[in-house]
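[1] Pasting the sequence and the predicted coordinates here, then a few questions.
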Amino acid sequence: MKVLISGVCGFVGNHLARHLLESHEGVVIVGLDNLSRSGSETNRTSLRRIGVQLFHGDIRMASDLETLPETDWVIDAAAQPSVLAGRDGKTSTRQLLEHNLLGTINLLEYCRAFQAGLILLSTSRVYSIPALAALPLRVESGAFTLDSGQVWPLPVTAAGVTENFSTEAPISLYGATKLASERLALEYANSFGMPLWINRCGVLAGAGQFGTAEQGIFSFWLHAHSSRRPLKYLGFGGHGHQVRDAMHPTDLARLVDFELRSSGPGRLMNVAGGRRNSMSLRQLTDWCDGRFGPHRPVEDGSERAYDVPWLILDAGEALAATGWKPEIGINCILEEIAEHAATHPDWLAGCGA
């Protein structure tokens, strides 16, 4: 089996390539990366050393894909990953659209030409921000949680938000590019008979992640806390009660491994750490205080575009369809990042954070 991974030098692409080479006998990994992300050069040498066939190219350029060899599968791990992309002053709206949407179109055309299957890594941020903000919540143990005393919308369970939750705008410019990519991929799969898996991923976290405050929040928070960088509880009263769930990329890689081996047409699924792997910023700070010593964030109630108070994904569909569930607990994830922070005290500077 030959697999093309776009964004192979990024945090997720790097983990996927390594896992597949270790778990698949005879697999060939073709990696494509434009090396534009701060820190991506770190992974290039080590990936070449383990046998990844690396190509320097950009998925926004159709001509860069013309020189790639034919493969059986494509894993799209390349994207502008920040929910603030297009509004943060670092990425223009056109750059975001070209990278996350035009890049998907070019990969879909590659898949059509070679009848390759596609695994599209999407995001939990395709879900409607107003609908998420309207969820009935209460504060418990320093974190927002669903209020069991009120009625929940039907697409929400005790385990979290399901795939049927609203995707109505606004979902952020970033979320819109990912949702449009999903719809296009589904149409290509239907029109040309391509196998397609769409994984709506929650927050990914682990050692070596190029974390920023807008993307990779668990990694960013631990590195910033350990090095005594300024931290802020933004919005929602400035108390740090907002909650997300975390998933290690090795758990994602196990699912991707299954999808590559599957003979079925694929499906769209939430893929995330779930409630057992969820934590608020205040709870994360308490964990960091115990690990690194006290470091108090500034309480700033000012709102930031696209922030949501609570977002945990129900990955029951993935469990039912594939038997997959996350195996690496949040404490193990945090300990792994903490160890990395101890040996890389200047990590955030190299990530452009």
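    Ah, there it is.
[2] what does the lowest-mean-pLDDT helix or strand in the chain contact?
    Least confident helix or strand, the chain: helix 347-351 with a mean of 79, by mean pLDDT, DSSP states H and E. Helix 347-351 has contacts (CB atoms under 8 Å, 6 or more residues apart in numbering) with 38-39, 42, 210-212, 220, 223-224, 227, 229, 340-341. C-betas here are computed from N, CA, C, even on glycine.
[3] hang on, isn't Asp58 packed against Leu65?
    No: checked against CB atoms under 8 Å, the pair Asp58 and Leu65 is beyond contact range at 9.2 Å.
[4] So Gly103 sits against Ile59, correct?
    Yes: the criterion here is CB under 8 Å, and Gly103 meets it with Ile59 at 3.6 Å.
[5] what do these two both touch?
    Residues touching both Gly103 and Ile59 (CB under 8 Å, 6+ apart): 6, 76, 78.
[6] From those residues, pick the one nearest Leu179.
    Asp76 (14.3 Å; CB to CB).
[7] Next, the closest one: phi, psi?
    With angles defined as degrees, to the nearest 10, Asp76 sits at phi -90, psi 100.
[8] now stretch 9-16: mean pLDDT?
    Mean pLDDT, stretch 9-16: 95.
[9] Repeat that for stretch 103-119.
    Per-residue pLDDT over stretch 103-119 has a mean of 98.
[10] Leaving out the residues flanking it, which one is nearest to Tyr48?
    Tyr isn't right for residue 48; it's Arg. Leu54 (5.5 Å; CB to CB, 6 or more residues apart in numbering).
[11] tell me the contacts of the one you found?
    Contacts of Leu54 (CB under 8 Å, 6+ apart): 8-9, 31-33, 44, 47-48.
[12] Skip the chain neighbours and tell me the closest residue to Leu154.
    Closest residue in space to Leu154, ignoring its immediate chain neighbours: Asn164 at 7.6 Å, by CB to CB, 6+ apart.
[13] I figured Leu204 hits Asp245, correct?
    No: the criterion here is CB under 8 Å, and Leu204 misses it with Asp245 at 10.4 Å.
[14] Next, give phi and psi for Met247.
    For Met247, the backbone dihedrals are phi -140, psi 140 (criterion: degrees, to the nearest 10).
[15] pLDDT score for it?
    98.
[16] Also the one 4 residues further on?
    The predicted local distance difference test score for Asp251 is 98.
[17] and after the helix or strand containing it, which helix or strand comes next?
    Under the criterion of DSSP states H and E, Asp251 resides in helix 249-261. Later in the chain than helix 249-261, the nearest helix or strand by DSSP H and E is strand 268-271.
[18] What is that next one packed up against?
    On a contact count with 3 or more CB pairs under 8 Å, 6 or more residues apart in numbering; DSSP states H and E, strand 268-271 meets strand 196-201, helix 316-322.
[19] got a markdown table for these, with mean neighbour count, distance to Ser302 and mean pLDDT too?
    A markdown table is the format used below for the helices and strands packed on strand 268-271 (neighbours: other CB atoms under 10 Å; distance: least, CB to CB, whole Å; pLDDT from 0 to 100):
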| stretch | mean neighbour count | distance to Ser302 | mean pLDDT |
| --- | --- | --- | --- |
| strand 196-201 | 24 | 28 | 98 |
| helix 316-322 | 17 | 36 | 97 |
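[20] Can you tell me which of those is nearest to Tyr127?
    The nearest among these, by CB to CB, is strand 196-201 at 8.5 Å.
[21] chain center to the closest one: distance?
    On the basis of CA atoms, centre = their mean, to the nearest Å, strand 196-201 sits 11 Å off its chain's mean C-alpha point.
[22] same check, this time on stretch 323-341
    With CA atoms, centre = their mean, you get 15 Å for stretch 323-341.
[23] residues of that stretch that come out buried?
    Residues of stretch 323-341 classed as buried: 324-326, 328, 330, 333-334, 336-338, 340-341 (neighbour count, 16 or more other CB atoms under 10 Å).
[24] What mean pLDDT does that stretch get?
    The predicted model gives stretch 323-341 an average pLDDT of 97.
[25] Pull it out as PDB, backbone CA atoms only.
    C-alpha atoms of stretch 323-341 as PDB (Å, rounded to 0.1, in the frame of the first residue of the first chain):
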ATOM      1  CA  GLY A 323     -14.700  -0.300  17.400                       C
ATOM      2  CA  TRP A 324     -12.400   2.700  18.000                       C
ATOM      3  CA  LYS A 325     -12.200   4.700  21.200                       C
ATOM      4  CA  PRO A 326      -9.400   6.800  22.600                       C
ATOM      5  CA  GLU A 327      -7.000   4.800  24.800                       C
ATOM      6  CA  ILE A 328      -4.500   7.600  26.000                       C
ATOM      7  CA  GLY A 329      -6.000   9.400  29.000                       C
ATOM      8  CA  ILE A 330      -5.700  13.200  29.500                       C
ATOM      9  CA  ASN A 331      -3.300  12.800  32.400                       C
ATOM     10  CA  CYS A 332      -0.900  10.800  30.200                       C
ATOM     11  CA  ILE A 333      -1.200  13.500  27.500                       C
ATOM     12  CA  LEU A 334      -0.400  16.300  29.900                       C
ATOM     13  CA  GLU A 335       2.500  14.400  31.500                       C
ATOM     14  CA  GLU A 336       4.000  13.800  28.100                       C
ATOM     15  CA  ILE A 337       3.700  17.500  27.200                       C
ATOM     16  CA  ALA A 338       5.100  18.500  30.600                       C
ATOM     17  CA  GLU A 339       8.200  16.300  30.100                       C
ATOM     18  CA  HIS A 340       8.700  17.900  26.700                       C
ATOM     19  CA  ALA A 341       8.400  21.400  28.200                       C
END
